[in-house]
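Trainee: Using only what follows, build the 3D model:
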Amino acid sequence: MLTLAYAVGSSPAGTTGSSFMSFIPLIFMFAIFYFLLIRPQQKKAKEHKALLETLKKGDQVVTAGGIHGKVTAIDDGVVVMEIATGVNIRINKGYIATVVK
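Mentor: Modelled structure (predicted):
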């Protein structure tokens, strides 16, 4: 008669190879996530950082909220934008989305 303890305790001789084979799909999924999600996101972040470093007075910009304006001053992490004649707003430098040509 076969008992449960005996059935659980017994293991075939080839389990070492099959446990490694179970990790292969996980490694494959991580590679897909890296090349389709992580790497493009890092590239976009690097491009945005370069855009913020080259920002200068007089550039026409669009903020992440969709406000269009002209940069009138740049402090440490704050940009002063003129959105209409005589109307200046201060925003964080990181919220500049694009520079309009």
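
Trainee: how far away is the residue most central in space within the chain from residue 65?
Mentor: When Cα atoms, centre = their mean is applied to the chain, the residue found nearest the centroid is residue 41 (3.8 Å). According to Cβ to Cβ, to the nearest Å, residue 41 stands 21 Å off from residue 65. For every residue, glycine as well, the C-beta is placed using N, CA and C.

Trainee: what do you get for residue 90?
Mentor: Taking Cβ to Cβ, one finds residue 90 at 14 Å from residue 65.

Trainee: What of residue 76?
Mentor: 21 Å.

Trainee: Kindly report the same for residue 22.
Mentor: Taking Cβ to Cβ, one finds residue 22 at 47 Å from residue 65.

Trainee: Equivalent analysis for residue 43, please.
Mentor: 24 Å.

Trainee: So for stretch 88-101, mean pLDDT?
Mentor: In this model, stretch 88-101 has a mean pLDDT of 95.

Trainee: Using CSV, write out every CA atom in it.
Mentor: The C-alpha trace of stretch 88-101 is given here as CSV (Å, rounded to 0.1, in the frame of the first residue of the first chain):
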residue,chain,number,x,y,z
ASN,A,88,4.6,85.5,-15.8
ILE,A,89,4.3,82.2,-14.0
ARG,A,90,6.8,80.1,-12.1
ILE,A,91,7.0,76.4,-12.6
ASN,A,92,9.3,73.6,-11.7
LYS,A,93,11.9,72.9,-14.4
GLY,A,94,11.0,69.2,-14.5
TYR,A,95,7.5,70.0,-15.8
ILE,A,96,8.8,71.4,-19.1
ALA,A,97,7.7,68.7,-21.6
THR,A,98,9.0,70.0,-24.9
VAL,A,99,10.7,72.9,-26.6
VAL,A,100,8.8,74.3,-29.6
LYS,A,101,10.9,75.1,-32.6
